[in-house]
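Student: Fold the following, please.
(one chain, ligands or ions: 1)
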Amino acid sequence: MRTLGMAVTLVAGGVALGIAGWRSSADGAQAGATISGTIKFTGTRPVMAKIDMSDEPVCKGKYQTAPTKEDVVVNANGTLDNVFVYVKAGLPATYRAAAAPTPVVLDQDGCRYLPHVLGIMVGQSLQIKNSDGIAHNIKAKGVKNRPFNISQPTNMTTTRTFSAAEVMVGLECSVHGWMKSWVGVLPHTFFAVSGNSGTFAIKGLPPGTYTIEAWHERYGAQTATVTVAGTQTKTADFTFAAR
Ligand SMILES: [Cu+2]
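Tutor: Next up, the predicted model:
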């Protein structure tokens, strides 16, 4: 049986593939440079509290063992999941992103957001889906983006867009206090989320010197400076320490 943990990865992978495909079709196959790396984790893995879903039997029934909070997800290989990595600065002044690619889906399944962390372009559609058929209420706590509040009483999909770049916009459910998701909104598609292998790749970059930021909801942000040219691949690894 597929676990919800795997579903997170599949959704995140789908997003990344969609972006890569869009970049390739816009700029020619595999054009540009790549910055890739691994998000390492050192120290003692924090123990995440179990989520008590007793009040929501529909959600509880979707798990064989009690799900845990997702503030820190350390992968089996010692890397860190759910890290948002993106180009913070360095794109040429002349760079113009193409039109926003196909919608990104944020699902509410088992009273959790899938994926937990995602990236989206300014103006790109975010399809917020309720797969549980019970009431969820999505609150977006944007600062540069106007906050929104959507009630979804049953199985349905609501589409929203973000008008300004913002890393990150926090989403939460007013009904289920443990439900949290983070949306990185950017004016380009040079972003990735680490996933359960702890790796990332940002492809299709024009030549330049970039500030790459890796953001984690508990451990904060780190940056690296990377210069690429042509179709080079450069490595930028990040290490987050337990605290
Ligand atoms: Cu909810």
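Student: buried sites along stretch 76-88?
Tutor: 79-88 (16 or more other C-beta atoms under 10 Å). Any C-beta I mention is one placed from the backbone N, CA and C, and that applies to glycine too.
Student: between those residues, which is nearest the ion?
Tutor: Nearest to the ion out of the buried residues of stretch 76-88 is residue 82 (C-beta to the ion; 18.9 Å).
Student: Can you name the residues that contact the closest residue to that closest one other than its chain neighbours?
Tutor: Sequence neighbours aside, residue 117 is the residue nearest to residue 82 in space, at 4.5 Å (criterion: C-beta to C-beta, 6 or more residues apart in numbering). By C-beta atoms under 8 Å, 6 or more residues apart in numbering, the contact list for residue 117 reads 12, 82-84, 168, 181-182, 184, 193, 217.
Student: repeat that with 7 Å
Tutor: Contact analysis of residue 117 by C-beta atoms under 7 Å, 6 or more residues apart in numbering lists 82, 84, 182, 193.
Student: Go ahead and confirm the third one touches residue 167.
Tutor: Spelled out, it's residue 182. No: counting by C-beta atoms under 7 Å, residue 182 does not reach residue 167; the two are 8.8 Å apart.
Student: which residues are in contact with both of those two?
Tutor: Counting by C-beta under 7 Å, 6+ apart, the residues touching both residue 182 and residue 167 are residue 84.
Student: So these two - more neighbours on which side?
Tutor: residue 182 (22 against 18; other C-beta atoms under 10 Å).
Student: tally of neighbours for residue 233?
Tutor: Residues near residue 233, counting by other C-beta under 10 Å, number 11.
Student: and if you look at residue 162?
Tutor: The burial count for residue 162: 24, using other C-beta under 10 Å.
Student: Thank you, goodbye.
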